[in-house]
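Engineer: Fold the following.
(one chain, ligands or ions: 1)
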Amino acid sequence: MISIAPLNEVIKIYNEAIAYALPGSEVLARVFANRSAVLTNGAMYEDSLKDIERTLKIGYPDNLKAKLYARKAKNLLALNQKMCPEVEEAIAQANMWIEKMDDSNKKKVLSSLDQLQTQSLKKPVKKWDDILFMPKITSENPKILRASHAIDIQQSEKFGRQIVATKDIKAGEAVMIHKAYSTTLLTEHWHTFCWNCVKFTFSCVPCNQCTNFVYCNENCRDEAWKDHHDIECQVIHSLVAYDKINIEMNLVSLRLLIRALKEYGNVEALYKKVQDLEQIEDTIDKSLTEGIFDDSKYASIYALLRKDINSMESELFTRKSIETLYMLAATTEIFGKKINKMSELKNMKYAIFIAKLLIQHIAIARTNSIKMMPNDNKGNVIRSCGVLLSLLSLFNHSCDCNAYQYASGNISAVVTLQPIKKGEQICISYGMYYRDAPTEVRRQSLKLKHDFWCECMPCNKNWNPNYKQPSCMMQNGARKNMHKLLQMIQKYDKFPPIVKSYQISTRDKSPTDILRTITEITDLLNSYGKYVNYPCAEIEHAKNLLLNILHWVGGY
Ligand SMILES: C[S@@+](CC[C@H](N)C(=O)[O-])C[C@H]1O[C@@H](n2cnc3c(N)ncnc32)[C@H](O)[C@@H]1O
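Structural biologist: Numbers count the residues shown, from 1 in each chain. Just a heads-up that it's a prediction; the model follows:
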C-alpha cells in the first residue's frame, strides 16, 4: 500500500497514529520511525531526520536502532550529496548497534550500508515556501502596528471604515503583514495541517494532552499552548464528544474568549473591559488600545463589524455558545469551582455575559473570517481553514481591487497590485470571480454572500473590470510619451506565454525566477503609473498577471 498510495495519504495515516499514540510511548517512537521510512522513500530527507531524532529521544528498542541509524546516514548523504563527518558518524552508530539485531535484519542493514556509497539517491523534494514571496513593509506605521506608514483607517458614509492611502504607494508593496488573531481548520484537516500555523505538515508532532490536533514541530506546539491551547485542550474533548457538527463555530468563539481572558487576566476584568468598549461609539476609537491599532489586541477584534443574524442563526449561535460555556465551566476553573450540571450555570455570576460574548464572537467570525484555500505541494487547491485578522477585515471590497490579500499559513499581507494615489481607498476583492461578471450579477452575489450592496467604482459606473479597456495610447499626452509607452508595451509582450497563462501552476518554476518576474511586472506597473491614468488596457493586463502569479504562489 505504501508504495502505491500518494505520499500525502500515507502521511495522513501515520499522522493519525501519531496523534493517538501515548506521549513518550514506544508505540509513538515506532510510528515516528516508520513515518521516517516513508519520508526517506519520498525524498523528504529533512522531515525524515526530524522523525529519527524524535524516535531516538523517546527511546527505541536497541535491536532496531541500527536500521534507524542506517536511514539517518542515507538521509544525510542524500542532503549533502557526498560523504561527510555526519554521515560517517551515523554509519558508525549503525555498525555499533548492528550486533543487537537478529540475523535477517542484520543482513538487510548491512546491505543497505554497503549500497550507500554506490546507490544513486533521489534529489530532495523541494517544499514550496510561500513566505518567500511575501513583500516587506518598507516603513512602519506608528499608529497601526505592522502596517505601512502610507495607510490610515478612515470613516466614510458609503463604506463605513475604510483603508486609505496617505501617500502615493507603488505596485507590489505590502501595506500590512499580520499574524491571524484566530485560525480554525476544517475537522477533516485536523491531522494534516498544523493547528498553530495552519500549514500542511509532513512530519507533525502531536499535542501532548489531546488526540485532536497535530503541529508542524515542537515550536508550533509550544506557541499554540501558550497562546490558547492550554485552556482549549481541557475543553476540546468534551466539545467533540458532545457535537462535532459545526464545531468550527465553538472553536472560533472559544479561541477569541481565551485570548481575551489572557489579555485581561480574568473574567471580571474582561467584563469591565467590554463594558468600557461598549461606551465608545466611534468604531475606529473602539478598536484602539492606548490610541494604537494593535492587531494582537482583543479590542481590534471586538470592534469588528457584525452583520445582523436571522432567527434561525440566532438559535444555532445561542445553542453553540451555551455548549461552549457549559464545557468551559465543567472542565476548567476559569469561572472558579468547576460545575457538574448545566443547571448550575444559572448560579454563575458571569454566565450570561460570557454566553452573549460567545454569540458575538460567532457573529464577528461569520462577518469577517476569510476562508483559505491553499495549494498543497502538488498545486491542488484545498479548502482547509478560516483566518480572522482585524486589520484585514477593515479593507473593503472592490470588483476591480487595487490590492490583494497574500497568505502564508497564519500570516497574511495586503499587497498593492497597481500604483495607488494619495487619498485613494485600498480595496481587496472578496472573491476573484467578481472581476468577470456583469454588474448586476456581481451586486446580487455580494448581497447574497456578504450582505451588502456593492458601491465600488466598477459597480457604480456599471463597467466590467475584465472587459476590454481602452489602450493607454488613446489617453491625452500619449503622443508626448509615445516612445516610453511603446517600450513598456514591448516589455509586457516579452513575458513568455507560460507566465501569462492562467492555467499553469507557477510552482513548477524556481522561486528565484518567480521573484524576478514579480519584480519585472511591478516595475512595469510603476512605470505605467508615471505616464498614464487607470483604467487602461496595459495596466489592467499587467495587474492581472501580478494577481495571477501571487494567487498561485501564495496560500489563499
Ligand atoms: C469586512 S467589512 C469591511 C470593513 C467595514 N467597512 C467596517 O466598517 O468594518 C465588510 C463590510 O464593509 C462594507 N463594504 C465592503 N465593501 C463594500 C463595497 N464595495 N460597497 C459597499 N459596502 C462595502 C459592507 O458593509 C460590508 O459588509
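Engineer: What's the first helix or strand after the host helix or strand of Val414?
Structural biologist: Counting by DSSP states H and E, the element that carries Val414 is strand 411-416. Downstream of strand 411-416, the first helix or strand assigned by DSSP H and E is helix 439-450.
Engineer: What strands line up against the helix or strand hosting Tyr404, and which way round?
Structural biologist: Applying DSSP H and E as the criterion places Tyr404 in strand 403-408. Strand pairing for strand 403-408, using DSSP bridges, gives strand 411-416 (antiparallel).
Engineer: near the ligand, which residues of the stretch 151-300 of the chain?
Structural biologist: Counting by CB under 6 Å from any ligand atom, the stretch 151-300 of the chain comes close to the ligand at Lys158, Phe159, Gly160, Arg161, Gln162. Backbone N, C-alpha and C define where each C-beta goes, glycine included.
Engineer: what do you get if the cut-off is 8 Å, keeping everything else the same?
Structural biologist: Gln155, Lys158, Phe159, Gly160, Arg161, Gln162, Thr283 (CB under 8 Å from any ligand atom).
Engineer: Tell me how many other residues crowd Cys204.
Structural biologist: If you count neighbours by other CB atoms under 10 Å, Cys204 ends up with 27.
Engineer: show me what contacts Leu116?
Structural biologist: Ala70, Ala73, Lys74, Leu77, Val87, Ile91 (CB atoms under 8 Å, 6 or more residues apart in numbering).
Engineer: where does the stretch 351-500 of the chain dip in pLDDT?
Structural biologist: 373-384, 498-500 (pLDDT under 70).
Engineer: Can you pull the residues of it lying near the ligand?
Structural biologist: Checking the stretch 351-500 of the chain against the ligand by CB under 8 Å from any ligand atom, the hits are 367-368, 393-399, 427, 430, 446, 450-456, 459.
Engineer: 5 Å instead?
Structural biologist: Ser393, Leu394, Asn396, His397, Phe452, Cys454, Glu455, Cys456 (CB under 5 Å from any ligand atom).
Engineer: so what's the closest residue to the second one other than its chain neighbours bridging to?
Structural biologist: Leaving aside its sequence neighbours, Leu394 sits nearest to Arg161 (CB to CB, 6 or more residues apart in numbering; 5.1 Å). According to DSSP bridges, Gln155 are recorded as the beta-bridge partners of Arg161.
Engineer: Quick check: the residue of this structure nearest the ligand.
Structural biologist: Gly160 (2.9 Å; CB to the nearest ligand atom).
Engineer: okay but that residue is in contact with Ala303, surely?
Structural biologist: No - using CB atoms under 8 Å, Gly160 is not in contact with Ala303, being 11.4 Å away.
Engineer: got any residues that touch both of these two?
Structural biologist: Common neighbours of Gly160 and Ala303, using CB under 8 Å, 6+ apart, are Thr283.
Engineer: Between these two, which has more neighbouring residues?
Structural biologist: Ala303 (23 against 13).
Engineer: distance of the more buried one from Asn368?
Structural biologist: Going from Ala303 to Asn368 by CB to CB, to the nearest Å gives 11 Å.
Engineer: cool, and Thr55?
Structural biologist: Distance from Thr55 to Asn368, counting by CB to CB: 42 Å.
Engineer: Next up, phi/psi of the nearest residue to Cys401 once chain neighbours are set aside, please.
Structural biologist: Excluding the flanking residues, the one nearest Cys401 by CB to CB, 6+ apart is Ser429, at 4.0 Å. Dihedral angles of Ser429 (phi, psi; degrees, to the nearest 10) stand at phi -110, psi 140.
Engineer: and Ser429, what does it touch?
Structural biologist: Counting by CB under 8 Å, 6+ apart, Ser429 touches His397, Ser398, Cys399, Cys401, Tyr404, Arg435.
Engineer: Look up phi and psi at the spatially closest residue to the first one that is not a sequence neighbour.
Structural biologist: With CB to CB, 6+ apart as the measure, Tyr430 is the residue that lies nearest to His397, at 4.3 Å, once sequence neighbours are left out. Dihedral angles phi and psi of Tyr430 (degrees, to the nearest 10) take the values phi -80, psi 10.
Engineer: ok, now how distant is Tyr430 from Phe293?
Structural biologist: 22 Å.
Engineer: Those two: who's more crowded?
Structural biologist: Phe293 (23 against 20).
Engineer: Surely the residue nearest to His397 and Leu446 touch.
Structural biologist: Yes - proximity of Tyr430 to Leu446 meets the contact threshold set by CB under 8 Å, at 6.9 Å.
Engineer: Give me the common contacts of the two.
Structural biologist: By CB under 8 Å, 6+ apart, the residues touching both Tyr430 and Leu446 are His397.
Engineer: which ones are touching the residue nearest the centre of the chain?
Structural biologist: In the chain, the centroid-proximal residue (CA atoms, centre = their mean) is Gly409; its distance is 2.6 Å. Neighbour list for Gly409: Asp130, Ile131, Cys194, Cys197, Val198, Lys199, Gly555 [criterion: CB under 8 Å, 6+ apart].
Engineer: rerun that using 6 Å as the cut-off
Structural biologist: Listed by CB atoms under 6 Å, 6 or more residues apart in numbering, the contact partners of Gly409 are Cys197, Val198, Lys199.
Engineer: Among these, which one has the most neighbours?
Structural biologist: Using other CB under 10 Å as the neighbour criterion, Val198 leads these with 27 neighbours.
Engineer: Secondary structure class of Val164, three-state.
Structural biologist: Assigned with DSSP: H, G, I helix; E, B strand; the rest coil, Val164 falls in the strand class.
Engineer: Which residue comes closest to it once chain neighbours are left out?
Structural biologist: Closest residue to Val164 apart from its sequence neighbours, by CB to CB, 6+ apart: Gln154 at 4.9 Å.
Engineer: Just to check, that neighbour is in contact with Thr166?
Structural biologist: No - with contact defined as CB atoms under 6 Å, Gln154 does not reach Thr166; the gap is 9.3 Å.
Engineer: So which of Thr55 and Asn368 has more stuff around it?
Structural biologist: Neighbours per residue (other CB under 10 Å) separate Thr55 from Asn368, with Thr55 holding more: 25 against 21.
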